[in-house]
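>>> below is the sequence, then the predicted model.
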Amino acid sequence: MTLIQIPDTINSDLSLICGYTFNQPELSANDFVIVEDRASQRNYFGQVVGPQANLNRSALGPQDNATINAFEQLEQNNYTREVVVREVYFYQINLIKDITQDPPNSVRRRPQIGSIARQATENEIIRYLSLPPADERYRIGQIIDTNIGVYVNPRTLFYQSLIAGSTGSGKTNSCANYIRAALQMDFGVIIYDHKPDYQHINRLNQDAIDILNRNGQTDQDTTWIEGVNADFYYLGEESTAFQGTPIAIPASEFDPAVLAAVMYYPPNETNSREEFETLLEEFDDERHADQNGNEPVIWTLGDFFQWVTSYNPQSPNAPWQPPEHARERLGGRQAQTYRAMVAKMLRRNRRPAWVDGGLPIRPTANANATRARRPSASAAVFGQDQTPQQPQWFDPTNLLQPGRALVIRVGQAGGGRDYGLFLNYMLKRVYDLKEQRQIAFPVLHHIDEAQDLFNGSKQFASAIGNVLSEGVRKGRSRQIAFTIAVQSAAQIPDDILNNLNTRIIHRHNRASEAQRALEKAADAQISMTKNFGPGEALVDLFGASAVVNARMRLSPFQLTTEELLQQQEQQQQPHQELLPQEEEMPF
């Protein structure tokens, strides 16, 4: 197959060349070619940006009556196709590199009319695209219509990644292969499981084996299809729908701005939120000033409540008063803001259930110094009875292990606020562990369904966006990697997207949203994303010279389905029916 370059017009797109083939339409969209310009003795590496146009060499146009009449005779089998059709195939080629010299250069002179192009070989494609080296342990897919693998390596991961695609596009399969590759590289992987998708990753994906066998690929290597080592945790109340251990974290571990945005999220609570944040910072400063030695400073919202209301156990019904140093500031017109801030802090569902491990915010002592309360699932796990004891705080220090995943079910409570608050803690904690050299191996944060972090209130989205942006920007210096998975690339704020250097874009129902993530791709490539089938994606790997059209691998491990969750609930229900039922305690 050879393609010959045709003349430009004055309005030609100068990033493209156009050409004809006369034999067969052997080039497909996204194929790679080597262009030889014999006139200038220069060579180029290029990529076909769309399917071919089929032109008839007859001088008559497709709407001329003579053409219409001839095709009518063809349809009635009065003519053979060769009598009516003399075909030529039209292609557009995006010029990626001038490869005349080594190393290749950017294209500063275009090939001239009559230049000849041929398909690039596998070695040429890998070399001129600057793809990561082939290593089957780290394969995530292959360039479509070829046997050329798409691989990742530690450098790819440390420069951060975006995986985007609408429901059913195969995005989660791509995420699964990313996770497996990171585990193979001895990363400690933290999976923030939203829907959930990752509650059964310790099982191999039998469905993948069945699909490959059904497609007649029984000779294909399936050793990559396997379960992975994982521990499971969850936020919130206990559930039979997923396995794991509940998480409890004290309020002292959170960024005051993020905690304030979580608890005071309505737009009309700006004053209360700002006052809460200010007082939290002042309270934390006092606690650190009183600290003796190097012990960590741990406090709960219950401790903060007693400080911020000047709570006296001897006078539990006394009016709230600000801390002594803040009484003048919070007097007069500000007194209403202060009272509203405290009252809203106590409202149900303002504080996520796992913050402070179920310990009450307001002291529960009555005249007899005791007050009954309903038992909670999280309290039971931490050995608490009706009088809460100090829970065991969740800390990833000893849980993170190279080659092992922590799967944390973050759920959908709070419109993304629970998710963002927990992510705030984990990003800060892991960064501190790396900076203090308490863990030496690399860590990958896999942030699933990240759009929920940005779909809440403006204040919350801004607070968590700043935290995530800083983590993504600074992570590489501490060998901390991020993969951010969303349903649409348009849902990622610009400052975060700018630092996600690998982009895997599955089906997008609006081409403009895919274009935002793949500015390197040609318009014809972007338009293809609307019609991608499951598993097909445009892939722009960090350091690669062009966007490739890839078929991503099936998940190596079992992804959670609704049927699996139902089976798990049914298996656990008989066991729970045998447990003694606790009598509900009145308030």
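Looks like it came in fine.
>>> how close does R478 sit to E124?
Remark: distance between R478 and E124 (CB to CB, to the nearest Å) = 37 Å. (Glycine included, C-beta is placed from N, CA and C.)
>>> repeat for R409
From R409 to E124 the distance is 46 Å (CB to CB).
>>> among these two, which residue is more densely surrounded?
When R409 and E124 are compared for neighbours, R409 comes out ahead with 25 against 15, by other CB atoms under 10 Å.
>>> who's the closest residue to the more buried one other than its chain neighbours bridged to?
Nearest in space to R409, with sequence neighbours left out and distances taken as CB to CB, 6 or more residues apart in numbering, is Y234 at 3.8 Å. Judged by DSSP bridges, the bridge partners of Y234 are P246, R409.
>>> endpoints of stretch 508-526, how far apart?
Terminal residues of stretch 508-526 are spaced 9 Å apart (CA to CA, to the nearest Å).
>>> could you say which helix or strand holds D13?
D13 is part of no helix or strand when elements are defined by DSSP states H and E.
>>> please read the previous query as pertaining to R118.
Using DSSP H and E, R118 sits in strand 116-119.
>>> partners of that strand in the sheet?
Going by DSSP bridges, the partners of strand 116-119 are strand 3-5 (antiparallel), strand 32-37 (antiparallel).
>>> and that strand, what's buried?
Across strand 116-119, burial judged by 16 or more other CB atoms under 10 Å covers 116-117, 119.
>>> can I get the CA coordinates of it in PDB?
Extracted in PDB, the C-alpha atoms of strand 116-119 (Å, rounded to 0.1, in the frame of the first residue of the first chain):
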ATOM      1  CA  ILE A 116       4.900   8.900  -0.900                       C
ATOM      2  CA  ALA A 117       3.500   7.400   2.400                       C
ATOM      3  CA  ARG A 118       3.400   3.800   3.600                       C
ATOM      4  CA  GLN A 119       2.200   2.100   6.800                       C
END
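>>> just checking, next helix/strand downstream of it?
helix 122-129.
>>> and the helix or strand following that next one, what does it pack onto?
For helix 122-129, the following helix or strand on the C-terminal side (DSSP H and E) is strand 139-143. Applying 3 or more CB pairs under 8 Å, 6 or more residues apart in numbering; DSSP states H and E, one finds that strand 139-143 makes contact with strand 149-151, helix 171-184, strand 548-552.
>>> show me the one of the ones you listed that comes nearest L129.
Closest to L129 of these is strand 548-552 (CB to CB; 7.1 Å).
>>> now the strand holding R118: average pLDDT?
In this model, strand 116-119 carries a mean pLDDT of 94.
>>> how about stretch 522-536?
In the prediction, stretch 522-536 has an average pLDDT of 90.
>>> try stretch 477-493
Mean predicted confidence for stretch 477-493 is 94.
>>> what is the burial count for the residue nearest to R409?
Count around Y234 with other CB under 10 Å applied: 24.
>>> quick check: it vs S512, distance?
37 Å.
>>> now do stretch 441-451: distance from first to last residue.
End residues of stretch 441-451 are separated by 29 Å (CA to CA).
>>> re the thing from before, tabulate the strands paired with strand 116-119 in JSON lines, adding columns for mean pLDDT and distance to G535.
JSON lines is the format used below for these (pLDDT from 0 to 100; distance: least, CB to CB, whole Å):
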{"stretch": "strand 3-5", "mean pLDDT": "95", "distance to G535": "29"}
{"stretch": "strand 32-37", "mean pLDDT": "96", "distance to G535": "21"}
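>>> ranking these by burial, who's on top?
Highest mean neighbour count among these (mean count of other CB atoms under 10 Å): strand 32-37, with a mean of 22.
>>> and the angle for that one with strand 548-552?
If you take axes from the mean of the first three to the mean of the last three CA atoms, to 10 degrees, strand 32-37 sits at 160 degrees to strand 548-552.
>>> so how far is strand 32-37 from its chain's centroid?
Distance, stretch centre to chain centre, for strand 32-37: 36 Å (CA atoms, centre = their mean, to the nearest Å).
>>> kindly report the same for stretch 301-318.
42 Å.
>>> one more: stretch 402-411?
With CA atoms, centre = their mean, you get 14 Å for stretch 402-411.
>>> which residues sit against that stretch?
Residues outside stretch 402-411 that contact it (CB atoms under 8 Å, 6 or more residues apart in numbering) are 179, 183-184, 186-194, 196, 198-199, 201, 228-236, 242, 244, 247, 396, 399-400, 418-419, 422-423, 441.
>>> now swap in stretch 284-291 and tell me
Outside stretch 284-291, the residues touching it (CB under 8 Å, 6+ apart) are 252, 256, 297, 299, 307.
>>> got the buried residues for it?
284, 287.
>>> export it as CSV, just CAs?
Extracted C-alpha coordinates of stretch 284-291, given in CSV (Å, rounded to 0.1, in the frame of the first residue of the first chain):
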residue,chain,number,x,y,z
ASP,A,284,-6.5,23.8,67.4
ASP,A,285,-3.8,26.5,68.0
GLU,A,286,-4.6,26.4,71.7
ARG,A,287,-4.5,22.7,71.9
HIS,A,288,-1.1,22.6,70.2
ALA,A,289,0.2,25.3,72.5
ASP,A,290,-0.7,23.2,75.5
GLN,A,291,0.9,20.1,74.1
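>>> quick one: mean pLDDT for it?
87.
>>> sort out which of the contacts of stretch 402-411 are buried, if you could.
179, 183-184, 187-194, 196, 198-199, 201, 228, 230-236, 242, 244, 247, 396, 400, 418-419, 422-423.
>>> so of those, which ones are in strands?
188-193, 230-234 (DSSP state E).
>>> so where's the chain shaky on pLDDT?
Scanning the chain for pLDDT under 70 picks out 215-219, 236-242, 293, 365-390, 568-587.
>>> in the lengthiest strand in the chain, what's buried?
What stands out as the longest strand in the chain, according to DSSP E, is strand 87-98. Residues of strand 87-98 classed as buried: 87, 89, 91-98 (neighbour count, 16+ other CB under 10 Å).
>>> now swap in stretch 535-543 and tell me
Buried, per 16+ other CB under 10 Å, within stretch 535-543: 535-542.
>>> what's it in contact with?
Under CB under 8 Å, 6+ apart, the answer for stretch 535-543 is 130-132, 141, 144, 150, 152, 155-156, 159, 161, 165, 169-170, 173-174, 501-507, 514, 518, 520-521, 525-526, 528-529, 547-554.
>>> give me the ChimeraX select line for those residues, limited to the buried ones.
Selecting just the buried residues from the contacts of stretch 535-543 in ChimeraX takes one command, with 16+ other CB under 10 Å as the test:
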select :131,132,141,144,150,152,156,159,161,165,169,170,173,174,501,502,503,504,505,506,507,514,518,521,525,526,528,529,547,548,549,550,551,552,553,554
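>>> grab the nearest non-local neighbour of L421.
In space, L421 is closest to V262, 4.9 Å off (CB to CB, 6+ apart).
>>> same thing with N271?
Nearest to N271 is T337, by CB to CB, 6+ apart, at 4.7 Å.
>>> picking up where we left off before, by contact count, what packs against the longest strand of the chain?
Using 3+ CB pairs under 8 Å, 6+ apart: strand 87-98 touches strand 16-21, strand 32-37, strand 42-48, strand 53-56.
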